[in-house]
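> Everything below, folded, please.
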Amino acid sequence: MATDAFIDGLRAIVGGPHVLTGDAETRRFRTGYRVGGGAVLAVVQPGSLIEQWRVLQACVEAGKIIIMQAQNTGLTGGSTPGGGGYDRDIVVINTLRMNKMRLIRGGKQVICLPGATLDQLEKLLKPLGREPHSVIGSSCIGASVTGGIANNSGGALVRRGPAYTQLALFAKLGEDRKLELVNHLGITLPGGAEEVLRRVEAGDYAESDIADGNRAASDGEYAHYVRDIDSDLPARFNADPRRLYEASGCAGKLAVFALRLDTFAAEKTRVFYIGAHDPRVLEDIRRHILAKFEMLPVSGEYLHRDAFDIAEKYGKDTFLIIWHLGTRFLPPLFSLKSRFDAFMERWKALPSHPADRVLQFLSRLFPNHLPKRMKDFRARFPHHLILEVTDAGLEETRAFLKDFFATPETGAYFECEEDEGKKAKLHRFAVASSGIRYKRVHADKIEDVLAFDVALRRNDRDWFETLPPEITKDIVLSAYCGHFLCHVLHQDYLIRKGADVEAIKKKMLALLKARGAKYPAEHNVGHFYVAEPALKDFYRTLDPCNSFNPGVGMTSKKTRWQE
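Down below sits the predicted model:
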């Protein structure tokens, strides 16, 4: 009866259709995109900031666990439950209905509510000739702005570093179990909690109410920091104390209501496609660019031949949807896929993940989608670098590459036509989902996908991984890609059926630790990685009662951090 009364109370706050309780209804909200998942009491979808505040109050009063969630596109399961072992009921608060944003300071900054997505923000800023922090990657699959901040998302853009702000409006639960609304937006907003929330959502404030103090709305130091190529420390990683600040890096340990962020001037760019036989060639290029170039590139994306092949076949439908229809179709497609799979699961005799199998079959009906020059380089070289530069750095890049590749044995490059450059970047992005697709289509051969998000030391010249035979014997396929100039690599391994995935994971993490690498680099610890002591201490400071997203980073799932 107490549970029924609690659910009825939630329905009274947000409306009956926005409180989900059945297994089929909650499936896509309680199951991670790659890992994670578990039982929930309810999924609640507030339609306003005041509704979110009231839902939080109800959950706190009833002693429930709260998991804040937006698009649920994270790769480490950090916005869903992580299995069992919880000592309280879980309520997922999904924020996607609260997706407003408001430009301030002439578009140089923006206020985003918790459900606002990078894709929305990109479209809002485009007429002004400006961009959000990320413009390729998470933005394509509908990831939220708040998710990027909360999870230390890095993005591909070399000069901008991790998603970061010190300007936020959030709720936290104190030692006394009292919910407090904290306004650090730098905007004068008089009144009690609900009046503050009403004003933020309605944009009921003037430019004169906005202060420019000492708090940052982006990581303005990163472009200098990444150039230190002789440092033993990675350029960016999830537990870096430099970039853990309230909402930034909070991993859902706070309930965020609004964020204030910098935007960036859009620049005209060109793409160079580089191929090499030896990974040390790309490292020489990386070190020269970061140490010597007057103008840093926009991005430098690494792609191994095996990742090229997997993405070409198993990421083809993602590529084609974005290329022909745009990114706006991907989030609804994810939702439709989840609903279709939930419906088809009623027939136990059918293969798992039928939506992926259907999409993979349909993708084969379309002709090859990649430019001929890219395909030629795939045949010639195992290591690829997609280098994007602005017009201001174009001649510097042309001169360097011409001189560097004067000897053909070193490798080769070509300057992309506009469509070639766009397709090269999009193909690199398609790697992210292709391993999951391969696993789902070949479930009889693959036990699981181990996906590592690794930040290498800035001075690590031997960056390309060599695994011992005791590990490689259990790997069917590997896919390496990453943000190469930042030395952030994404390493996906498809593990053979019957292998001990957890044992392999431990061995790999031990090898990475011995190399001085940090993990994760930009996807948050979620339910995949162990939080470093400094990160765990940060979580405990934000959430002393352990009521928000307990268990993240393999930490305690119990109230007040009991072991």
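> Spit out the contact partners of the closest residue to residue 160 other than its chain neighbours.
In this structure, residue 160 finds its nearest non-sequential neighbour in residue 133, 5.6 Å apart by Cβ to Cβ, 6 or more residues apart in numbering. Backbone N, C-alpha and C define where each C-beta goes, glycine included. Counting by Cβ atoms under 8 Å, 6 or more residues apart in numbering, residue 133 makes contact with 118, 148, 155, 157, 160, 163, 218, 261, 262, 264.
> Can you give me the distance of residue 133 to residue 487?
19 Å (Cβ to Cβ, to the nearest Å).
> and what of residue 344?
Taken as Cβ to Cβ, the span from residue 344 to residue 487 is 42 Å.
> Show me which of those two is the more surrounded one.
residue 487 (26 against 15; other Cβ atoms under 10 Å).
> Could you check how far the closest residue to that one other than its chain neighbours is from residue 511?
Nearest non-adjacent residue to residue 487, counting by Cβ to Cβ, 6+ apart: residue 456, 4.2 Å away. Distance check for residue 456 against residue 511: by Cβ to Cβ, it reads 12 Å.
> Those two: who's more crowded?
With neighbours defined as other Cβ under 10 Å, residue 456 and residue 511 compare such that residue 456 has more, 25 against 15.
> ok, that one - contacts?
So residue 456 contacts 234, 463, 487, 488, 489, 515, 516, 517 (Cβ under 8 Å, 6+ apart).
> Hmm, residue 461 and the third one touching each other?
Right, the one you point to is residue 487. No: Residue 487 is not in contact with residue 461 according to Cβ atoms under 8 Å; the separation is 10.6 Å.
> And for residue 188, the neighbour number?
13.
> ugh, wrong one, I meant residue 167
27.
> Just give me the neighbour total for the residue nearest to residue 548 when sequence neighbours are not counted.
Closest residue to residue 548 apart from its sequence neighbours, by Cβ to Cβ, 6+ apart: residue 253 at 4.9 Å. For residue 253, the tally of surrounding residues (other Cβ under 10 Å) stands at 25.
> isn't there a helix covering residue 253?
No: judged by DSSP: H, G, I helix; E, B strand; the rest coil, residue 253 forms no part of a helix; its state is coil.
> Output the contacting helices and strands for the helix or strand of the chain with the lowest mean pLDDT.
Least confident helix or strand, the chain: helix 330-344 with a mean of 74, by mean pLDDT, DSSP states H and E. The contact analysis (3 or more Cβ pairs under 8 Å, 6 or more residues apart in numbering; DSSP states H and E) places helix 330-344 against helix 23-30, helix 316-325, helix 354-363.
> And the ones you listed: which comes nearest residue 495?
helix 354-363 (18.1 Å; Cβ to Cβ).
> next SSE after that closest one?
helix 372-380 (DSSP states H and E).
> Mind listing the strands the helix or strand immediately after that following helix in the chain pairs with, and their directions?
Per DSSP H and E, the first helix or strand lying C-terminal to helix 372-380 is strand 383-390. Applying DSSP bridges to the sheet, strand 383-390 is found paired with strand 269-276 (antiparallel), strand 299-304 (antiparallel).
> nearest spatial neighbour of residue 338, skipping sequence neighbours?
Nearest residue to residue 338, sequence neighbours excluded (Cβ to Cβ, 6+ apart): residue 28, at 3.6 Å.
> scratch that, residue 424
For residue 424, the closest residue by Cβ to Cβ, 6+ apart turns out to be residue 386, at 4.9 Å.
> can you pull up the bridge partners for that neighbour?
Counting by DSSP bridges, the residues bridging with residue 386 are residue 273, residue 301.
> From here on, call the first residue 43.
Taking 43 as the first residue, the last one we looked at is residue 428.
> what ranges do the helices span in the stretch 493-605 of the chain?
511-514, 543-556, 575-584 (DSSP state H, counting those that start in this stretch).
> Flag every buried residue along the shortest one.
The neighbour-count criterion (16 or more other Cβ atoms under 10 Å) identifies residue 513 as the buried residues of helix 511-514.
> One more: stretch 539-559?
In stretch 539-559, counting by 16+ other Cβ under 10 Å, buried: 541, 543, 546, 547, 549, 550, 551, 554, 559.
> can you tell me which residues contact the closest residue in space to residue 79 that isn't next to it in sequence?
The spatially closest residue to residue 79, leaving aside those adjacent along the chain, is residue 73, at 4.1 Å (Cβ to Cβ, 6+ apart). Counting by Cβ under 8 Å, 6+ apart, residue 73 makes contact with 79, 122, 380.
> Just send these back as a markdown table, with distance to residue 433 and neighbour count too.
A markdown table is the format used below for the contacts of residue 73 (distance: Cβ to Cβ, whole Å; neighbours: other Cβ atoms under 10 Å):
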| residue | distance to residue 433 | neighbour count |
| --- | --- | --- |
| 79 | 46 | 16 |
| 122 | 43 | 26 |
| 380 | 42 | 18 |
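> where along the stretch 443-592 of the chain do the strands fall?
Remark: strands assigned in the stretch 443-592 of the chain by DSSP state E, counting those that start in this stretch are 454-457, 488-497, 517-525, 530-538.
> likewise the stretch 193-342 of the chain?
With DSSP E, counting those that start in this stretch as the criterion, the stretch 193-342 of the chain has strands at 210-215, 221-226, 297-304, 306-307, 311-318, 341-346.
> Residue 398 is nearest to which of these?
strand 341-346 (22.7 Å).
> The nearest residue to residue 570 once chain neighbours are set aside: neighbour count?
In space, and not counting its chain neighbours, residue 570 is closest to residue 118: 4.1 Å by Cβ to Cβ, 6+ apart. Counted with other Cβ under 10 Å, residues neighbouring residue 118 total 26.
> from what I can see residue 118 touches residue 571, true?
Yes: using Cβ under 8 Å, residue 118 is in contact with residue 571, at 6.7 Å.
> Pull up the overlap in contacts between those two.
In contact with both residue 118 and residue 571: residue 562, using Cβ under 8 Å, 6+ apart.
> pretty sure residue 167 is in a helix, no?
Yes: per three-state DSSP, residue 167 lies within a helix segment.
> ok, now which ones touch residue 377?
Here residue 377 is in contact with residue 70 (Cβ under 8 Å, 6+ apart).
> circling back: nearest to residue 57 among the helices of the stretch 493-605 of the chain would be which one?
helix 575-584 (30.2 Å).
> Could you pull up the mean pLDDT of the closest one?
What helix 575-584 shows for mean pLDDT is 97.
> now stretch 93-104
For stretch 93-104, mean pLDDT is 98.
> got the contact list for it?
44, 48, 51-52, 55-56, 86, 88, 108, 133, 135, 137, 140, 156, 213, 215, 219, 221, 223, 235-236, 239, 297, 299, 589.
> Kindly export stretch 590-605 (C-alpha atoms) in PDB.
Extracted in PDB, the C-alpha atoms of stretch 590-605 (Å, rounded to 0.1, in the frame of the first residue of the first chain):
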ATOM      1  CA  PHE A 590      21.900   9.600  -6.000                       C
ATOM      2  CA  ASN A 591      23.200   6.900  -8.400                       C
ATOM      3  CA  PRO A 592      24.800   4.600  -5.800                       C
ATOM      4  CA  GLY A 593      27.100   2.000  -7.000                       C
ATOM      5  CA  VAL A 594      28.600   4.100  -9.800                       C
ATOM      6  CA  GLY A 595      32.300   3.400 -10.100                       C
ATOM      7  CA  MET A 596      31.900   0.100  -8.300                       C
ATOM      8  CA  THR A 597      31.300   2.000  -5.100                       C
ATOM      9  CA  SER A 598      28.800   1.100  -2.300                       C
ATOM     10  CA  LYS A 599      25.100   0.700  -3.200                       C
ATOM     11  CA  LYS A 600      24.100   1.000   0.400                       C
ATOM     12  CA  THR A 601      22.700   4.000   2.300                       C
ATOM     13  CA  ARG A 602      25.400   6.400   3.600                       C
ATOM     14  CA  TRP A 603      28.100   4.500   1.800                       C
ATOM     15  CA  GLN A 604      27.900   1.400   4.000                       C
ATOM     16  CA  GLU A 605      30.000  -1.500   2.700                       C
END
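> Since that was my last question, I'll sign off now.
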